[in-house]
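Enquirer: Whatever this is, show me its structure:
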Amino acid sequence: MFRRMLSAARPREAQREAVSLRAPRPLFAVGDVHGMADMLDRMIETIRERIEGDGLNDAAVVFLGDYVDRGPHSRETIDLLLESQARLGVETIFIRGNHEDFARRFLDRPFEESQWLKWGGDSTVESYGIDPQDFPAGVQGQVALSKALSEAMGATHTAFLREGLVTHHNEWPFFFCHAGIDRHLPPDAQPERALVHGIRGFRETGGWPDSVVVHGHYITGEPELGSRRIGVDTGAYRSGVLTAVFCIDETIDFIEIEDE
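Expert: Next up, the predicted model:
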């Protein structure tokens, strides 16, 4: 059964489809944040209230990646994620999105050509108080900017990008990743590129039989209920709506936070 929980959001007609798969425990999954820290803050609080109010002490909260870039508050977004487990009081899992991959490469391999700034990384850099225009074009300027950004981020934030993220989380029959899976391979043998950057045809084929893949990455106007998959990237940075899915028993709820 599908239901929709709204928080400061306009009402929308709920989905009518049903998935007859049972979640092994209460599972929340939050879609792509992209630097929209205020909405993330309210999403975490909404989930915390649900966990506390319903006594869901065995719940897990999965953040589906793309925390940084495009929106204005990437630094504050990472701060919120770092404190989220203490706020929520349950297990938290942080999936790596393609934008975290871009940011990590910029920090770790600054001599390589990068398009990260053009893909929204400029907003992340600016959130740490750095103007990317202060650095010249070319490799030397990129190396200098990478060093300045690493220093501004500090050890805690850089460690989050380098070591605090996973490519997927398995709560069979629910499988969580950022961008997609290769259904010809088992869950424990998935190629990292498919999980983090996507794979051709995933949105049409979806997950494995008798499973549901929960993902972000592909912006849609509504939560997307496809073939054995649920997409919850509603484009928070441009639509002003951050979406999460809540799976409990055989019920799936959607939580939507609207930008104020």
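Enquirer: list the helices and strands whichever strand or helix holds residue 154 packs on?
Expert: Assessed by DSSP states H and E, residue 154 sits inside helix 139-163. Under the contact definition 3 or more Cβ pairs under 8 Å, 6 or more residues apart in numbering; DSSP states H and E, helix 139-163 sits against helix 74-88, helix 98-108. The way it works is simple: take the backbone N, C-alpha and C, and place the C-beta from them, glycine included.
Enquirer: In the longest one, which residues are buried?
Expert: This points to helix 74-88. Neighbour-count burial for helix 74-88 flags 74, 75, 76, 77, 78, 79, 80, 81, 82, 84, 87, 88 (criterion: 16 or more other Cβ atoms under 10 Å).
Enquirer: Just send these back as CSV, with distance to residue 149 too.
Expert: Listed next are those as CSV, based on distance: Cβ to Cβ, whole Å:
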residue, distance to residue 149
74, 11
75, 11
76, 16
77, 15
78, 13
79, 16
80, 20
81, 18
82, 18
84, 23
87, 27
88, 29
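Enquirer: Please enumerate the helices of this structure.
Expert: For the chain, applying DSSP state H gives helices covering 37-54, 74-88, 98-108, 121-127, 139-163, 192-197, 202-205, 236-239.
Enquirer: so who does residue 28 touch?
Expert: By Cβ atoms under 8 Å, 6 or more residues apart in numbering, the contact list for residue 28 reads 47, 59, 60, 61, 62, 244, 245, 246, 247, 255.
Enquirer: ignore the last one, residue 194
Expert: 179, 180, 181, 182, 202.
Enquirer: next one: stretch 197-215 to chain centre, how far?
Expert: The chain centre lies 16 Å from the centre of stretch 197-215; the measure is Cα atoms, centre = their mean, to the nearest Å.
Enquirer: how long is that stretch end to end?
Expert: Taking Cα to Cα, to the nearest Å, stretch 197-215 runs 11 Å from one end to the other.
Enquirer: Many thanks, I have nothing further to ask.
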